[in-house]
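>>> next comes the sequence, and after it the predicted model I'd like to discuss.
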Amino acid sequence: MKADVSLEQRFIAEVDALDFVAQDIDAHLRALNAWLAKLSADLQAGGLSCDGLHAHNPLAVQADAINALVRASAHTWTQQWANLQVTRDLADQFDDQALLLVFGKFNAGKSSFCNFLADRFAAHNRPVRYFHVDAGRVVETAEPFTEGATETTSRLQGVRLGEKLVLLDTPGLHSVTPENAALTQRFTDSADGVLWLTSSTSPGQVQELDELGRELHRNKPLLPVVTRSDEYDEDEVDGEIVRRLCNKSAQRRALQEHDIRVRARDKLVAMGVDTALLKPPVSISAYVAREQGQTPEAMADAGFEKLYAALLAITQPALAYKRRKRAEILLHHLEESVSGRLCRDVSPLLAELHGLAQAALAALELKREQLANAVWRAIVPTLPGLLDAYVATRDIEALCGTVSESIVATFGREAQRLLGDYVIAPEASVARIELDEAAASGGTVVEHSAAHGQLREVDGIDFGRVHAALSNAIRRSLLSLSGDAARRCRASIDRLLELARDLEESLKVHEEKLCELKREVRSAAI
Amino acid sequence: MVSSKIREQAAHDIASVLPGRTHDLARLQILIDDSEPVVTVVGKYNHGKSSLLNELLGRDAFAVSDRRETVHLSDSVHRGVRWLDAPGLDADVGTQDDREALGAAWLKSDIRLFVHAAKEGELDAKELKLLGELDADRTRTGRQTLFVLSQVDQLADAAALQNVGDAIDRQMPGLTLNAVSSVRHRKGLEGGKQLLLEKSGIPALHAALQAELARVPHARACETALLMREIDEELQLLRAAQRTSLDLLRCTQRQQRLDFDRGLAAVIEKVAGNIDAMLNALGTDHAIVPDTAKDAYMITAGKLERAHIQIAYSRACIEIDAVLTAHGVVGLPSEQHAAASSFNSVMIAVMGVSVKFRKDLRRMFCEASGRERMQREFTHYYELSDDRKALAAQIADTEDALAASEKALAAIRLFEARA
């Protein structure tokens, strides 16, 4: 390469020579699809069931929410894959071309940037074709992009430079109309690399990179471009204002470039993205280059030689990405819409379920005590009346029967009040209390026989002893009943937690497997 | 200063009752201090905030650079006005700067200058949101925000300025632009160039600002009154709610006690009547005649009498126990009792464990003092039961909360006295 050949010429020549050899990635595609099939089957098989919990139990509500989410996820990712068809068609149209995403806020000067590069290719006698995307189709147009300080880009538009390079100008991020942002997301999968345009007026607002998170996690190289690196120099001469547009000084450019580089790197680290993707920022001014006649000197002064060098540097990694693009697109879908979505949405719900379960388990012991006490408090005050009846009839069966029935009824009512969101069926056999004759008679008691003035021995009843025996029997019955109920509640929770753990484990295993597949896809790349 | 310490304590007293008012209280203290008016500049970094301040002050009080520069809040007092340069919105990876900027913008400032660089075109979502909030605050507290379109020298021409103005007007209809250029102003001053000075918009902004500054004392008085009124009303509402719930709790406490007193008195009267009848039916007192050795296997009059007394006494105890259980004085026994001792600790504590003779029963049940003693001692244990203690604790908590509210109301009166 001759020394006097500009980087611009070199770049244009390089674009002419771009060569795409699609890698054989069918094996990767098969492995990824098999992963999805296995995940779907596992999720189908492993729903959370809530035996022993009523539908309004917070645990059951949460479990249902998780089940519904898992079901809906499967539906959603199928739908999203179908939607991606649009992107895939777009990508196919550019299969033999490099696609660079021009990203930035609505006022970052994306349109001027694209128009200017198009002008440069045209100046070198290369064909330039503008297009925009309408209803998923590419519409060719002769019109360059509209430029302006307000949000003019409301649709996805692009320009083909020569035969092999496409710049894709996305509707502004942070754009005032939310539907624009959605459109952007849909087509970004097609891009091979990202040019992040940031205005010199307020450069490097790194929070913008949050919106690039998807792209960066997709391993696409990122080149920050400081646009509009110019300013008007004004003066008043003879009562008139004289203005001159000039480049910002090399020193100020270096200051901004350095600042952006440092903060973008911090941001990428914070986002968990490989910082090797970040290329050194370059500052340019399309306005000044244009105003000064686009001479080689003007181009160099406005920063374009540096830009071309940077573009040359990112072409190679962009091409590597392109060769495995079909596998990458499926991989992104699986990572983001399937695995990522499941983990993001299901994990917090599972954590909540855990929290609810722990709280419910902790509350159970107290509830058990409250339950036994509440029934005790209702039954014991009825004992004097029941004992009076017993003295009259001496019918121990009837006494025990009445008390048992009363326990079953009261226990049922109180269990409904205290543990109403669990399925509790008190067993009558546990509630059943029995007293033997000896305990019931309480030993021998002697009575006057007033009629004869004689003393005689009769079977009598010692109230205190019967009462004590009855109280003890009731107590035992209540402890068994409430203990059984609490045990069953605990078992229901434990069963649900076990299923939740299985689900969690299954998600984790699938996530790890996908990571492994990702490494394989990327390590096979040249 | 004693008064500021007292005020701080007062603010603390109020904030502990109304944590949501912490910010308002901090603002209130600033208002009452009534130091010089504060003008805060907010906006994205690099939009020319610092250079604007330097022009308005007529001196280089703030650092200017072509990258994010203002990281910490810096301020300068000049001709009776405090100027704050808040760090730019969006400046950092984290949002520490943003929080500090907003904190200053809301808390300290009387007037906000919202700066937006003309070259950036229309407002972005974040700027729109903040402007909306500042406008809502103006409606509530009367604090003004002046929008400033900065660096207009960096637009290509008048048509470009018109475009930007139109775009912003579509976003925030009726917003006054206050287009300025710090660079023009500086060059105009240094070169004595009138046209640049005039086109800088700085003199006009200065005039607008002076007019707003003149209104600050009145605005502060209004804002002070507003915050006092709002806090006072909130405290009054809170106190009323606390009084209502305290009344309800006390009413419940009284009613429960009344029910218990009645239930207990009724059962004591009933069992006393039964025992009195039983004792009157007995003839000669045989029970005190000890059995002799030969009586061991015989039925004696003494044995019979003792059996009768025992039956009547245990019936009485069972009846009383039923009432105690119904009112929660005693719960489910935690340990298995021996079959023989059917009674819980409260019954044992009040009634004793000894065998009762005629005279014992007469003293306990048939004399007013005996019945009163039982009533008194069972009531003592009633008040020690779990439910009653929980209710009493709830009442105590509510009383404490009410006392804190009263204290806060006294504190706000203190503010009023000093305002």
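That came through fine. Residues are numbered from 1 along each chain as shown, chains lettered A, B, ... in the order given.
>>> low-confidence ranges in the stretch 201-350 of chain B?
Residue ranges of the stretch 201-350 of chain B with pLDDT under 70: B:283-300, B:335-343.
>>> and the contacts of stretch A:29-40?
For stretch A:29-40, contacts defined as C-beta atoms under 8 Å, 6 or more residues apart in numbering or on different chains pick out A:74, A:326-327, A:330-331, A:334, A:338-339, A:510, A:513-514, A:517, A:520-521. Backbone N, C-alpha and C define where each C-beta goes, glycine included.
>>> can you say which of the residues you listed are buried?
Of the members of these, the ones counted as buried by neighbours, 16 or more other C-beta atoms under 10 Å in any protein chain shown, are A:74, A:326-327, A:330-331, A:334, A:338-339, A:510, A:513-514, A:517, A:521.
>>> for the chain, which segments count as strands?
This is for chain A. Using DSSP state E, the strands of chain A run over A:98-104, A:128-134, A:137-141, A:157-161, A:165-169, A:193-199, A:222-227, A:230-237, A:240-247, A:282-283, A:445-449, A:454-458.
>>> that's the wrong chain, I meant chain B
Here chain B has its strands, by DSSP E, at B:38-43, B:74-78, B:81-85, B:111-117, B:144-150.
>>> and chain A, which of these is closest to it?
Smallest distance to chain A across the strands of chain B (C-beta to the nearest C-beta): 5.1 Å, for strand B:111-117.
>>> could you check the angle the closest one makes with strand B:81-85?
Using axes from the mean of the first three to the mean of the last three C-alpha atoms, to 10 degrees, the direction of strand B:111-117 lies 40 degrees away from that of strand B:81-85.
>>> excluding covalently adjacent residues, which one is nearest to A:R263?
A:V206 (5.0 Å; C-beta to C-beta, 6 or more residues apart in numbering or on different chains).
>>> state the pLDDT value of that neighbour.
Note on A:V206: pLDDT of 79.
>>> report the contact partners of it.
A:I260, A:R263, A:A264, A:D266, A:K267, B:V93 are the contacts of A:V206 under C-beta under 8 Å, 6+ apart.
>>> burial measure for the second one, as a count.
Yep, that's A:R263 we're talking about. By the criterion of other C-beta atoms under 10 Å in any protein chain shown, A:R263 has 20 neighbours.
>>> what does B:S345 give?
Neighbour count for B:S345, taken as other C-beta under 10 Å: 10.
>>> got the phi and psi for the closest residue in space to it that isn't next to it in sequence?
Using C-beta to C-beta, 6+ apart and skipping residues adjacent in sequence, the residue nearest B:S345 is B:V330, 7.7 Å away. Reported as degrees, to the nearest 10, the phi and psi values for B:V330 are phi -130, psi 140.
>>> can you pull the contacts of the residue nearest to A:L161 when sequence neighbours are not counted?
Among residues not flanking A:L161 along the chain, A:F121 sits closest, at 4.4 Å (C-beta to C-beta, 6+ apart). Listed by C-beta under 8 Å, 6+ apart, the contact set of A:F121 reads A:I12, A:P127, A:V128, A:L161, A:G162.
>>> of the contacts of A:V206, select the buried ones using a ChimeraX command.
Applied in ChimeraX, the following selects the buried portion of those according to 16+ other C-beta under 10 Å:
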select /A:260,263,264,267 /B:93
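>>> what mean pLDDT does the longest helix belonging to chain A have?
Assignment by DSSP state H gives helix A:463-523 as the longest helix of chain A. Taken as a whole, helix A:463-523 has a mean pLDDT of 90.
>>> repeat that for stretch B:170-184.
Averaged across stretch B:170-184, the pLDDT comes to 93.
>>> A:E234 and B:R186 touch, don't they?
No: applying C-beta atoms under 8 Å as the test, A:E234 and B:R186 come out as separate, 10.8 Å apart.
>>> tell me the phi and psi of the closest residue to chain A within the stretch 51-200 of chain B?
Closest contact between the stretch 51-200 of chain B and chain A, by C-beta to the nearest C-beta, is at B:G121 (3.2 Å). Note on B:G121: backbone dihedrals following degrees, to the nearest 10 are phi 70, psi -140.
>>> how much space separates it from B:Q154?
B:G121 sits at a distance of 12 Å from B:Q154 (criterion: C-beta to C-beta, to the nearest Å).
>>> looking at these two, which has the bigger crowd around it?
Using other C-beta under 10 Å, the more surrounded residue of B:G121 and B:Q154 is B:G121, with 24 against 21.
>>> okay but the more buried one is in contact with B:R170, surely?
No: counting by C-beta under 8 Å, B:G121 does not reach B:R170; the two are 11.8 Å apart.
>>> what's in contact with stretch B:23-33?
With C-beta under 8 Å, 6+ apart as the criterion, stretch B:23-33 contacts B:4, B:7-8, B:11, B:14-15, B:106-108, B:220, B:223-224, B:227-228, B:230-231, B:415, B:418-419.
>>> buried ones from the residues you listed, can you make that a PyMOL selection?
Buried residues among the contacts of stretch B:23-33 (16+ other C-beta under 10 Å), as a PyMOL selection:
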select buried, chain B and resi 7+11+14+15+106+108+220+223+224+227+228+231+415
